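1. Next come a sequence and a model predicted from it.
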Amino acid sequence: MDTQWPRWEVFKQDTPAKPHQAVGSVHAADPFHALLTARNVFARRPQAVSMWVAPASAIFSVTQEELAEGQEPKPPAPDPRPSTFYVFRKTSHKRSMTFVDYVGELEAASPQQALELARQRFTDAEALAWWVVPASSVTKSENSPETVESWFAPAKDKTYKQQSYYGVVGSHVSKFKRPRGEDDE
Amino acid sequence: MPRKFGKPTDPDYEARLAEFEARIARGEKIEPGDWMPEEYRRQLVRMISQHAHSEVVGMLPEGAWITRAPSLKRKMILIAKVQDEAGHGQYLYHAAETLGVTREEMLEALLSGKAKYSSIFNYPTLTWADIGTIGWLVDGAAIKNQTMLAQCSYGPYSRAMVRICAEETFHHKQGKEMVITYAKGTPKQRAMAQDAINRWWWPALMMLGPHDSDSPNTPTLVKWGVKTKTNDEVRQEFINEHAPEILEAGLTLPDPDLRYDEATGNWVHGPINWDEFWAVVNGNGPMNKERLEARRRAHAEGAWVREALAVYAARKQQTAVAV
Amino acid sequence: MNEQVKQALIAKLTALADDELILAHRDSEWTGHGPILEEDIALANIAQDELGHATVWYGLRSALDGSDPDRLAFFRDAGEFRNCEFVELPRGDWAFTMLRQYLFDVYEALWLSAAARSTYSPLAEAAAKVVREERFHLQHTQAWVERLGLGTEESRRRIQAALDEQWGYAQQLFVPLPDEALLVAEGIVPDLAEVKEAWLERTTEHLRKSGLELPLQPGYQPASRQMHTEHLWSLLAEMQSTARWDAEAKVW
Ligand SMILES: [Fe+2]
Ligand SMILES: [Fe+2]
Ligand SMILES: [Fe+2]
């Protein structure tokens, strides 16, 4: 079978005050290529100020359900050296637009240990799912104002992609039309 | 990645199923990694991958007109729209991937002709007015379905749908604005718009799927919160919104039986030609061969490109490890 | 601005716009046919941006002479277009498209960075905006050149072939228009000789780093924007077919 390249999880930050969120994934060949691709796929419209990518294969993800049942899956090939891990967490399954959000980083000897430490450290909200990612696997867009301007600002000017650009089309009071209740558009 | 797909033969299946259905009843989303019935996963993979293929194949009939768009603005809008469709395919393949299928497997199914995609894209785009009409009717019909699916119980699918709906609304509006402009334009423009509406109206009704009586999956999908409405309900909503707007634009619809029913508040339509629908679904529509052929060609011509980057990446990684 | 300078600026803006329009056309031919979904999206982004730039330059011209950008794009014949031949060449394979876009992006990013200091403020402002997008493209196409050059034997062969074919054509980007010197003297547009020097330095370094060899024979180097390849006529026949289909149409 042919290759569609590896899959990379994409973490997008909408504004400096918000955490990076797992918004989806892209198929790309290498880290920088994945980052460029992520920008093309996930910043066609505003908002974004920063993006990270990590190979899907490097992510250790565990759900609350699995932890409760002592059934956590095997983490990806462990790195024997202690290193920095990024921790992401999902805290709500209530609505659809809830994401696995970045909560912080910590030092650990293995993904499992990182997960244990994370469970002790990040207790401000109930975690329904954890993602632990070695920092060395994460590639980030540059924070320089020039890069932010070049990567993320132009989408704001592409107003023709916004439905508001078309205003109210056609007359909405019509002899053919009964009054409508809830508009689901 | 979800790891637990329950089978009815599992000892704890009944208990877990009850818990799963209770979660859905509470309006909670099922997320990757959560327990789910194997059948739920199977239905979702089928729906989401079909949906993804539809977005990708759907790029072709419209993409063909980018180079012939009649103004700089329309050209820009059309590139952005077709790009969005690629983006939708991309979001949806991702949603399916969270259920443990790979992009490679899904593409293989599409290119081998095994997988289905929306029947609508097997019709030709004969004139420029088809582009506006597709936006208004085809994206309009898609939005009806997608607005419903944005409520879907599977988190990744619902998130993809929320994003997609926001973008589809732009597609719908630009199409509507275009057709209404031509309906008020020169005689040639008006004739072109009317001809396009005549050709796309019925296929748009059909794309919302067979009648409920012929849609065996619907009850399970409704029970598990994947769909919240039946095909006929969605179709009725679509007609109720679009029929009056098209008439208001001074155009006609190719259905002599179409009428507004005071009692129900619905627009009643004439019989749909399901023989045509099934012919297209089964590979015998006007453009089935061409669409698949175009996808296969792009895939084959891109093979050396994908291989080159894979080799480059492997070499880079080796040097990195060696250092 | 005196009349002669104004006419020179109109000619320059037309050439800039025509380059971007025709290049966007070639890029947009890929929509739906790219090697992978993600790259389809990426190239559609580049096509939109270049088309947007064309609109910007036609718009600046319009402010000077009241011309209608759509009339310019859809109702001029091949002989009236002022784009370089480089952008007319058929899209070729992925290597051809990526290399052309790369060579053009380096030129455009350099030209725009300099034009952002134009004494003609509408141009300076537009250039400052447009260059943001070019910087991103450039990163993307630069990455592609490196990866294809250092990928497989086949990818190297293909992109080297593209380079051999394009190098001479690309030089036309640096051939000034007949009255361009007037604009340079007024500080309205950058001196192409300086842009070329920076372009040569940057591209040759990156091409070599990507395992490619500059052609020993530069090949055909077009010199006048009055001349075109055989491809432009058919490209325009397609591009203008809808707009010209209804002579009475006022609005599209
Ligand atoms: Fe779509
Ligand atoms: Fe759409
Ligand atoms: Fe440009």
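-> Arrived safely, thanks for sending. Ligands and ions are numbered 1, 2, ... in the order given.
2. burial of the residue in chain A positioned nearest to ligand 3, as a residue count?
-> Residue nearest to ligand 3 within chain A (C-beta to the ion): A:Pro154, separated by 11.6 Å. Every C-beta, even on glycine, is put in place using the N, C-alpha and C of the backbone. One way to gauge burial is a neighbour count; for A:Pro154, by other C-beta atoms under 10 Å in any protein chain shown, it gives 21.
3. wait, what's in contact with the most centrally placed residue in chain A?
-> Chain A has A:Ala22 as the residue nearest its centroid, 1.7 Å off, counting by C-alpha atoms, centre = their mean. Contacts of A:Ala22 were listed using C-beta atoms under 8 Å, 6 or more residues apart in numbering or on different chains, and they are A:Glu9, A:Val10, A:Phe11, A:Phe88, A:Phe99, A:Val100, A:Asp101, A:Trp131.
4. Of the residues you listed, just the buried ones, ChimeraX syntax please.
-> The ChimeraX command for the buried members of the contacts of A:Ala22 (criterion: 16 or more other C-beta atoms under 10 Å in any protein chain shown) is given here:
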select /A:9,10,11,88,99,100,101,131
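5. any idea how far A:His20 is from A:Gln13?
-> 5 Å (C-beta to C-beta, to the nearest Å).
6. hang on, I meant B:Tyr93
-> Summarising the geometry, the distance separating B:Tyr93 from A:His20, computed by C-beta to C-beta, is 22 Å.
7. re earlier: overlap in contacts of A:Gln13 and A:His20?
-> Looking at what touches both A:Gln13 and A:His20 (by C-beta under 8 Å, 6+ apart), the common residues are A:Ser50, A:Met51.
8. State the number of residues packed around the nearest residue to B:Asp212 once chain neighbours are set aside.
-> The spatial neighbour of B:Asp212 that comes closest, neighbours along the chain excluded (C-beta to C-beta, 6 or more residues apart in numbering or on different chains), is B:Thr230 at 4.5 Å. As a burial measure, B:Thr230 scores 20 neighbours (other C-beta under 10 Å).
9. Surely B:Thr230 touches B:Thr218?
-> Yes: counting by C-beta atoms under 8 Å, B:Thr218 is a contact partner of B:Thr230 at 5.6 Å.
10. intersection of neighbour lists for those two?
-> When contacts are counted by C-beta under 8 Å, 6+ apart, B:Thr230 and B:Thr218 are jointly contacted by B:Asp212.
11. Need the residues that contact stretch C:218-232.
-> C:15, C:22, C:78-79, C:81-86, C:88-90, C:164-165, C:167-169, C:171-172, C:175, C:177.
12. For the stretch 151-300 of chain B, which segments are assigned as strands?
-> For the stretch 151-300 of chain B, strands defined by DSSP state E, counting those that start in this stretch occupy the ranges B:259-261, B:266-268.
13. which of the ones you listed sits most buried?
-> Looking across the strands of the stretch 151-300 of chain B with neighbours counted as mean count of other C-beta atoms under 10 Å in any protein chain shown, the highest average goes to strand B:266-268: a mean of 17.
14. related to what we said a few turns ago, next up, the contacts around the residue nearest to B:Asp212.
-> For B:Thr230, the set of contacting residues under the criterion of C-beta under 8 Å, 6+ apart consists of B:Asp212, B:Ser215, B:Thr218, B:Val222.
15. ranking these by neighbours, who comes first?
-> Of the contacts of B:Thr230, B:Thr218 is surrounded by the most neighbours, 19 neighbours in total, counting by other C-beta under 10 Å.
16. give the contact list for that one.
-> Each residue near B:Thr218 by C-beta under 8 Å, 6+ apart is listed here: B:Asp212, B:Lys227, B:Thr230, B:Asn231.
17. Next one: it relative to B:Trp224, how far apart?
-> Noted for B:Thr218: a distance of 11 Å to B:Trp224, by C-beta to C-beta.
18. again with C:Ser234
-> For C:Ser234 relative to B:Trp224 (C-beta to C-beta), the value is 54 Å.
19. Those two: which has the busier surroundings?
-> Set side by side, C:Ser234 and B:Trp224 show unequal neighbour counts under other C-beta under 10 Å, the larger going to B:Trp224 at 21 against 12.
20. The closest residue to the more buried one other than its chain neighbours - how many residues pack around it?
-> For B:Trp224, ignoring the flanking residues on the chain, the nearest one in space by C-beta to C-beta, 6+ apart is B:Tyr40 at 5.5 Å. Around B:Tyr40 there are 26 other residues, counting by other C-beta under 10 Å.
21. can the host helix or strand of B:Tyr40 be found next to ligand 2?
-> Mapping B:Tyr40 onto the secondary structure by DSSP states H and E places it in helix B:38-57. No: contact between helix B:38-57 and ligand 2 is absent, the nearest approach being 7.8 Å (criterion: C-beta under 5 Å from the ion).
22. helices and strands around that helix, which ones?
-> Using 3 or more C-beta pairs under 8 Å, 6 or more residues apart in numbering or on different chains; DSSP states H and E as the contact criterion, the elements in contact with helix B:38-57 are strand B:5-6, helix B:72-97, helix B:103-111, helix B:155-183, helix B:218-223, helix B:288-301.
23. Surely A:Ser61 is within a helix?
-> No: counting by DSSP: H, G, I helix; E, B strand; the rest coil, A:Ser61 falls outside a helix, being strand.
24. ok, now which ones touch it?
-> Applying C-beta under 8 Å, 6+ apart as the definition, the contact partners of A:Ser61 turn out to be A:Pro73, A:Ala129, A:Trp130, A:Trp131, A:Val132, B:Met1, B:Pro32, B:Gly33.
25. do B:Arg306 as well
-> For B:Arg306, the contacting residues are A:Asp2, A:Thr3, A:Gln4, A:Trp5, A:Ala29, C:Pro35, C:Ile36, by C-beta under 8 Å, 6+ apart.
26. pLDDT wise, what is it at?
-> Per-residue confidence (pLDDT) for B:Arg306: 98.
27. cool, the one 10 residues further on as well?
-> pLDDT, B:Lys316: 93.
28. picking up where we left off before, which pair in the contacts of B:Thr218 spans the largest distance?
-> By the measure C-beta to C-beta, B:Asp212 and B:Lys227 form the most distant pair in the contacts of B:Thr218, at 10.9 Å.
29. Tell me how far the helix holding B:Tyr40 lies from the chain's centre.
-> When C-alpha coordinates are averaged (C-alpha atoms, centre = their mean, to the nearest Å), helix B:38-57 and its chain have centres 10 Å apart.
30. And the contacts of that helix?
-> Among residues not part of helix B:38-57, those counted as contacts by C-beta under 8 Å, 6+ apart are B:2, B:5-7, B:20, B:30, B:85-86, B:88-89, B:92-93, B:95-96, B:99-101, B:106, B:109-110, B:115-118, B:121, B:154, B:157, B:160, B:217, B:220-221, B:224, B:226, B:291, B:295, C:37.
31. Do I have it right that C:Leu192 meets C:Val175?
-> Yes: using C-beta under 8 Å, C:Leu192 and C:Val175 qualify as a contacting pair, with a distance of 7.4 Å.
32. neighbour count winner among the two?
-> More neighbours sit around C:Leu192 than around the other of C:Leu192 and C:Val175, counting by other C-beta under 10 Å; the figures are 19 against 15.
33. Next, the contact list for the more buried one, please.
-> The contact partners of C:Leu192, by C-beta under 8 Å, 6+ apart, come to C:Trp111, C:Leu173, C:Phe174, C:Val175, C:Pro176, C:Glu180.
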